[in-house]
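Asker: with the input below, show me the fold.
(chains A, B and C)
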Amino acid sequence: MWRMSLENRLPRSFYERDTVQVAKDLLGNLVVRRMASSRLLVGRIVETEAYHGQKDRASHAFRGRTPRNSPMFGPGGIAYVYQIYGMWNCLNAVTMGIEYPAAVLIRAISQVPSYPLLQADPRAGSGPGKLCRALAVEKGMSGADLVNGDELWLAEGESPMDRSLLRSGPRIGVGYAEEWAEVPWRFWIAGEPSVSRIPGSRLPGTTRATGS
DNA sequence: CCGCCGATGGTC
DNA sequence: ACCATCGGCGGC
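Answerer: Here you go, the predicted model:
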């Protein structure tokens, strides 16, 4: 008999695969944050984006390795956390193997009963900046190991998600990336309220992504 | 409801 | 100078 355990961690082999596949497969799984007080904050992943390889113009790794993006060149299964616009952190899970720069941005989480987020607001977690605030994900966690760490990890969600609810579309906020701005590397679960709303379109050019 | 704009600071 | 963002505010 299977029961949900927040210690049922995603293994290294989960991350060391094609980033687009990992981005799809992360949907429905859990982000777990253990505070110094031992309090657990948990969110269910409902939206992701893939950033894959040195040729991806939208990726922070496009211009090569820098101090900030160096975790993207590390092994799969570590965190890459960066600050943007002076006030928000964004959480990524690094994918692929060492020296191959790639990661999945976690863009939205939904709340999990009995593990409340730091904000009571039902829209906490609706966006990459807000979910880091709601889970107290700090820049200092960049590079931390999600497979063996004790502050932040990803765990298997309860029951496999319904693949017919998987959707895909272009990534958000990467208009500078020329042809890479259009690849449908954003993935989400249809009907989840905390998924990003796209500026400028009512029912955008989204497609049903092909299942795993 | 939609779109614009300013906040705010690290990174290159 | 440029952002893998967000919320408030003003126009329709």
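Asker: in chain A, which spans are helices?
Answerer: A:12-15, A:19-26, A:128-135 (DSSP state H).
Asker: got CSV for those, with distance to DNA strand B and mean pLDDT too?
Answerer: From N, CA and C alone the C-beta is placed, and that goes for glycine too. Supplementary listing: those in CSV, determined by distance: least, Cβ to the nearest atom of the strand, whole Å; pLDDT from 0 to 100:
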stretch, distance to DNA strand B, mean pLDDT
helix A:12-15, 22, 98
helix A:19-26, 20, 98
helix A:128-135, 9, 98
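Asker: so which of the ones you listed gets nearest DNA strand C?
Answerer: Closest to DNA strand C of the helices of chain A, according to Cβ to the nearest atom of the strand: helix A:128-135, at 3.2 Å.
Asker: residues making contact with the closest one?
Answerer: Outside helix A:128-135, the residues within contact range by Cβ atoms under 8 Å, 6 or more residues apart in numbering are A:31, A:33, A:41, A:43, A:81, A:84-85, A:87-91, A:105-109, A:117-119, A:123-125, A:137, A:152.
Asker: circling back: okay, the helices of chain A in JSON lines with mean neighbour count next?
Answerer: Formatted as JSON lines, the helices of chain A follow (neighbours: other Cβ atoms under 10 Å):
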{"stretch": "helix A:12-15", "mean neighbour count": "18"}
{"stretch": "helix A:19-26", "mean neighbour count": "23"}
{"stretch": "helix A:128-135", "mean neighbour count": "22"}
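Asker: please tell me how far the residue of chain A found nearest DNA strand B sits from residue A:139.
Answerer: Nearest residue of chain A to DNA strand B: residue A:66, at 2.4 Å (Cβ to the nearest atom of the strand). Residue A:66 sits 15 Å away from residue A:139, taking Cβ to Cβ, to the nearest Å as the criterion.
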